[in-house]
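Undergrad: Sequence and predicted model, in that order:
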Amino acid sequence: MKFWHALCGGALFAMFCAGAVAQEDPEAVYAKLHRATLAGKTDEVLSYGTAAQQAELAKKPKAEKDAVIGIMSQMLPAAYTITEKTIAPDGNSAVLRGTGVVDLIGKADSYLLANFKKEGGVWKVDKWSWSNNKPPVAAAMPATAAAA
């Protein structure tokens, strides 16, 4: 199970860069990522990630990336609600939290935690996950985001 979380957590979070327009906010970028994941569009999913995440996943075979996206598409809620958006005071990082209901072996609440970084003026997904564990309440974000 930990391997799967590492694979989904690290690999998928690593899969997103380019493709978002500079004016788009984190919610709009995540919405596109979510739709692309549900549709199994690996290349599009990858386009929303940070450069560092893309570089890490570039080493993986396409079949492996497609398999991960395929599994993730089965585990995401079809619909979700963003419950919190926090943008750092410097405007270079953000966190989204959300809720949805998944139907794997019965319906269950699921919780989104997505971290974003701005690269070249565009919001990119650095890490994201859906879990049945409710994430802790957000603490205030630091004035400056950690260097990528």
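TA: Sure thing, it's come through.
Undergrad: which stretches of the protein form strands?
TA: 80-87, 93-103, 107-119, 122-131 (DSSP state E).
Undergrad: Could you look over these and pick the most buried one?
TA: strand 122-131 (a mean of 22; mean count of other Cβ atoms under 10 Å). From N, CA and C alone the C-beta is placed, and that goes for glycine too.
Undergrad: Show me what that strand is packed against.
TA: helix 13, helix 26-38, helix 51-58, strand 93-103, strand 107-119 (3 or more Cβ pairs under 8 Å, 6 or more residues apart in numbering; DSSP states H and E).
Undergrad: Mind checking which residue lies nearest the centre of this structure?
TA: W128 (3.2 Å; Cα atoms, centre = their mean).
Undergrad: just checking, it touches G98?
TA: No. Here W128 does not reach G98: they are 10.0 Å apart, not a contact under Cβ atoms under 8 Å.
Undergrad: For those two, list the residues in contact with both.
TA: Listed as contacting both W128 and G98 by Cβ atoms under 8 Å, 6 or more residues apart in numbering are 112, 114.
Undergrad: For the residue nearest to the centre of the chain, which non-adjacent residue is closest in space?
TA: Excluding the flanking residues, the one nearest W128 by Cβ to Cβ, 6 or more residues apart in numbering is A114, at 3.9 Å.
Undergrad: if I look at the residue of the chain most remote from its centre, how far off is K62?
TA: No residue in the chain has its C-alpha farther from the mean C-alpha position than G106, which lies at 24.0 Å (Cα atoms, centre = their mean). Counting by Cβ to Cβ, to the nearest Å, the gap from G106 to K62 is 33 Å.
Undergrad: what do you get for L33?
TA: Shown here: L33 relative to K62, a distance of 18 Å by Cβ to Cβ.
Undergrad: Of the two, give the one with the bigger neighbour count.
TA: Neighbour count, other Cβ atoms under 10 Å: between L33 and K62, L33 has more, with 25 against 9.
Undergrad: Pretty sure that one sits against L46.
TA: No. At 9.8 Å, L33 does not count as touching L46 under the criterion of Cβ under 8 Å.
Undergrad: Name the spans of the protein whose pLDDT lies under the cut-off.
TA: Residue ranges of the chain with pLDDT under 70: 1-22, 137-148.
Undergrad: Could I get the helices and strands packed on strand 122-131 in CSV, plus columns for distance to T86?
TA: Output for those, formatted as CSV (distance: least, Cβ to Cβ, whole Å):
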stretch, distance to T86
helix 13, 18
helix 26-38, 10
helix 51-58, 20
strand 93-103, 5
strand 107-119, 10
